[in-house]
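> Sequence and computational prediction follow.
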Amino acid sequence: MAGYVESLLGANEKIIIRRRQHWFIWVPRLLLYALIAVAIAIASALLGAVTGGVGAFGVVFVAIPLFLIIKELVDWWTEEYILTNQRIIQSEGFINKTVLDSSLEKINDVLLTQSVLGRVFDYGDIKILTSSTIGVNRLDKLASPVQFKIAMVNAKGALRQTSDGEDLGAARTAKGGADTVGIAEVSDRLEELDDLRKKGLISEQEFQAKRAELLKRI
């Protein structure tokens, strides 16, 4: 049975990778709630020993941190960051769902930040700069952020290549099926690719491969 996010996918859209925030970020909070629950349980037991019975308020107060622990785990499990071949989707909420997405073609830059602990436990922050004011701008404490960024860059490159192929096909059809493109167009595209390489969005190998492909079209 398809999940909630799967039901939102468009035609020819498929999920490439999906991630949650790293479990490590919840450990301090969960430990705090657990300690509070233990402290309340001990206090209730001591009070019960003095008064001859455990008060109902003790049971209630112990249930509060346990409820908060369950809520934290549910919130963590239901918040996902999904990369498709067309966009990045942030989905959160168990009953009331909130979905926010950014189109890959509108992404300009991707900044990955990892602390020492982040590198040890494999989590980090990804900041996405887009040409739109609405969208997923920051993925905090994401698990396996390097893998997510690489997949995102590759998906954006594949989307751009598909778009370029469609544009080139349309241009060839308009020109009666000519198999060449203008030098100025190739020059502009090479400048864009070089800019992506300098920003670290594509590798040197990818740059050289796309450069050779463009030069063949002249």
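Cool, got the structure. Note that the coordinates shown come from a computational prediction; the quantities given were computed from them, not determined experimentally.
> C-alpha from now on. contacts and neighbour counts both.
Will do.
> OK, contacts around L111?
I126, K127, I128 (CA atoms under 8 Å, 6 or more residues apart in numbering).
> got a winner among these for most neighbours?
Within the contacts of L111, I126 tops the neighbour count with 21 neighbours, counted by other CA atoms under 10 Å.
> how's the protein carved up into domains?
6-21+79-179, 25-77 (automatic domain parsing).
> just these: most buried one?
Highest mean neighbour count among those (mean count of other CA atoms under 10 Å): domain 6-21+79-179, with a mean of 16.
> Report the distance from it to the chain centre.
Relative to the centre of its chain, domain 6-21+79-179 is centred 7 Å away, using CA atoms, centre = their mean, to the nearest Å.
> same thing with stretch 3-15?
Distance, centroid of stretch 3-15 to centroid of chain: 16 Å (CA atoms, centre = their mean).
> Help me confirm that L159 is found in a strand?
No - going by DSSP: H, G, I helix; E, B strand; the rest coil, the assignment for L159 is helix, not a strand.
> what sits against the residue positioned nearest the centre of the chain?
Centroid-nearest residue in the chain, with CA atoms, centre = their mean: Y81, separated by 3.9 Å. Applying CA under 8 Å, 6+ apart, we find Y81 in contact with R18, R19, R20, I88, I89, Q90, S91, L139.
> mind running it again at 7 Å?
Applying CA atoms under 7 Å, 6 or more residues apart in numbering to Y81 gives the contacts R18, R19, R20, I89, Q90, S91.
> Compare the domains of the chain and give me the one nearest E213.
domain 6-21+79-179 (11.0 Å; CA to CA).
> next helix or strand past the lowest-mean-pLDDT helix or strand in the chain?
The least trusted helix or strand in the chain, going by mean pLDDT, DSSP states H and E, turns out to be helix 145-174, with a mean of 72. Using DSSP states H and E, the helix or strand that follows helix 145-174 towards the C-terminus is helix 183-198.
> Could you pull out the buried residues of that next one?
V186, R189, L190, L193, D194, L196, R197 (16 or more other CA atoms under 10 Å).
> Can you give me the pLDDT of the nearest residue to the fourth one once chain neighbours are set aside?
Leaving out its chain neighbours, the residue that sits closest to L193 by CA to CA, 6 or more residues apart in numbering is F207, at 6.4 Å. Reading off the per-residue confidence, F207 sits at a pLDDT of 78.
> cool, and the one 5 residues further on?
The predicted structure scores A212 at 80 on the pLDDT scale.
> what's the answer for the one 4 residues further on, then?
The per-residue pLDDT reported for K216 equals 72.
> give me the number of residues near it?
With other CA under 10 Å as criterion, K216 counts 12.
> Wait, V153 touches L201, no?
Yes - assessed by CA atoms under 7 Å, V153 is found in contact with L201 at 6.1 Å.
> How far does stretch 72-82 sit from its chain's centre?
Going by CA atoms, centre = their mean, where stretch 72-82 is centred and where its chain is centred differ by 12 Å.
> so where's this protein shaky on pLDDT?
1-2, 47-60, 131-136, 162-184, 217-218 (pLDDT under 70).
> For it, which segments are assigned as strands?
15-19, 80-84, 87-92, 98-103, 107-113, 123-130, 138-143 (DSSP state E).
> Which of those sits closest to L32?
Closest approach to L32 among those (CA to CA): strand 138-143, 19.4 Å.
> hmm, who's touching that closest one?
The list of residues contacting strand 138-143 from outside it, by CA under 7 Å, 6+ apart, reads R19, R20, Q21, H22, D122, Y123, G124, D125, I126, K127, I128.
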